[in-house]
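Participant: Structure, please.
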Amino acid sequence: ATLAGGCCPGASHNRFAYNEAGQVRIRAGLPIYECNSRCRCGADCPNRVVQRGIRYDLCIFRTGDGRGWGVRTLQRIRKNSFVMEYVGEIITSEEAERRGQVYDRQGATYLFDLDYVEDVYTVDAAHYGNISHFVNHS
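Facilitator: Model (predicted):
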């Protein structure tokens, strides 16, 4: 679908990143630009998927094979659907290197590099985050 009147067409090349069901429809690896406070559209705009937050009933559980904690759902999650946002503190890559050494000694790390364009920032979910903190990285 093309963008409706009032939406922000510039960054998205005049196309929504999502289909009617809220599933990603653009090629993997491309950035997604959602409508925001600069748009004339409302909260029900189909180009505001991540902003609506988690829509699935998720459960944190202890894995049976010693890998720690994980996240699961009993609901069917359709392919290309938004599940959750990785939330944490945004830090510089230099600070991430420093913290990473400490986390490695502790045996746990919750660093996620934001390196789509260049490797400048990292998200650290060690002390501030949401359920995504428990997604098993192995």
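Participant: now the strands for this structure?
Facilitator: In the chain, the segments counted as strands under DSSP state E are 58-62, 69-73, 89-92, 111-114, 121-124.
Participant: Quickly, which of those strands bottoms out on average pLDDT?
Facilitator: Of all these, the minimum mean pLDDT falls on strand 111-114 (a mean of 86).
Participant: Can you pull the poorly scored residue ranges out of the protein?
Facilitator: Applying pLDDT under 70 to the chain flags residues 1-14, 116-117, 136-138.
Participant: rerun at 90
Facilitator: 1-20, 26-47, 63-70, 74, 86, 107-120, 125-130, 132-138 (pLDDT under 90).
Participant: on that earlier part again, make CSV from the strands of the chain and add distance to Gly100 to it.
Facilitator: Backbone N, C-alpha and C define where each C-beta goes, glycine included. Output for the strands of the chain, formatted as CSV (distance: least, C-beta to C-beta, whole Å):
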stretch, distance to Gly100
strand 58-62, 24
strand 69-73, 20
strand 89-92, 10
strand 111-114, 6
strand 121-124, 9
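Participant: Out of these, which is the most enclosed?
Facilitator: strand 121-124 (a mean of 19; mean count of other C-beta atoms under 10 Å).
Participant: Restrict that one to CA atoms and write it as PDB.
Facilitator: Extracted as PDB, the C-alpha positions of strand 121-124 are listed here (Å, rounded to 0.1, in the frame of the first residue of the first chain):
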ATOM      1  CA  TYR A 121      26.100   3.000  19.300                       C
ATOM      2  CA  THR A 122      25.100  -0.100  21.200                       C
ATOM      3  CA  VAL A 123      22.000  -1.000  23.300                       C
ATOM      4  CA  ASP A 124      22.900  -2.300  26.800                       C
END
